[in-house]
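Chemist: Curious how this folds, go ahead:
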Amino acid sequence: MDRQRFISQIMVGSCPACGSENTVDCEGDPAIEDLTVGHCFECSVFWCIECGKVLEGSFCCEHWAICRECSEEHGYMMLDEFMDKICPKCEYWADGCTLEDPTECEHEYEYQCPYEQVLMLGFI
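Modeler: I've put the predicted structure just below:
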């Protein structure tokens with residue numbers, strides 16, 4: 001089994017419509033460029049790898065709207081947004097993060113979705 005096929009089986013999984021394992025994520029597809037969208041080569045179905053919903057008409061899954069609303073409500077930020085808005089104000093900032101290990105930044109956890117924290121730690 002080649003490396004790409006192995007990665008697809010583990011990360012993408014089988015097609016929710018036909019069960020085929022001839023699948024790939026759409027990160028390399030220039031029209032989609034989204035690694036959370038799966039594509040089946042057997043039946044041409046596209047689906048959300050995160051929740052398994054078959055996507056029709058749009059490659060943006062409805063569950064992402066839930067994440068956007070939650071982030072707005074709680075003030076959660078993506079890493080690049082956090083680095084632009086919060087880092088330069090931090091006591092550990094001197095034209096760059098001065099922490100020995102930037103993953104230990106307490107401020108980042110204040111502004112990061114708890115679900116994303118769990119994903120980063122590898123528990124899901």
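
Chemist: Over to the spatially most central residue of the chain. Which of the three states is it?
Modeler: Of all residues in the chain, the one closest to the mean position by Cα atoms, centre = their mean is residue 36, 6.5 Å from it. Here residue 36 is strand, with the state taken from DSSP: H, G, I helix; E, B strand; the rest coil.

Chemist: For it, give me its contacts.
Modeler: If a contact means Cβ atoms under 8 Å, 6 or more residues apart in numbering, then residue 36 has 25, 48, 49, 50, 61 as its contacts. Heads up, the C-betas are built off the backbone N, CA and C, glycines and all.

Chemist: Dump those into JSON lines; add distance to residue 90, secondary structure and neighbour count as well.
Modeler: Shown next, in JSON lines, are the contacts of residue 36 (distance: Cβ to Cβ, whole Å; DSSP: H, G, I helix; E, B strand; the rest coil; neighbours: other Cβ atoms under 10 Å):
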{"residue": "25", "distance to residue 90": "34", "secondary structure": "strand", "neighbour count": "18"}
{"residue": "48", "distance to residue 90": "35", "secondary structure": "strand", "neighbour count": "20"}
{"residue": "49", "distance to residue 90": "34", "secondary structure": "coil", "neighbour count": "20"}
{"residue": "50", "distance to residue 90": "31", "secondary structure": "coil", "neighbour count": "13"}
{"residue": "61", "distance to residue 90": "33", "secondary structure": "coil", "neighbour count": "21"}
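
Chemist: Of the residues you listed, just say which sits nearest to residue 82.
Modeler: Residue 82 has its nearest neighbour among the contacts of residue 36 in residue 50, at 21.3 Å by Cβ to Cβ.

Chemist: any idea how the protein splits into domains?
Modeler: Using automatic domain parsing, the domain parsing of the chain gives 3-48, 75-121.

Chemist: Relative to residue 65, which of these is closest?
Modeler: The closest of the domains of the chain to residue 65 is domain 3-48. By Cβ to Cβ, the value is 12.1 Å.

Chemist: what helix or strand does residue 107 sit in?
Modeler: In the assignment (DSSP states H and E), residue 107 maps to helix 106-111.

Chemist: What residues sit buried inside that helix?
Modeler: 108, 111 (16 or more other Cβ atoms under 10 Å).
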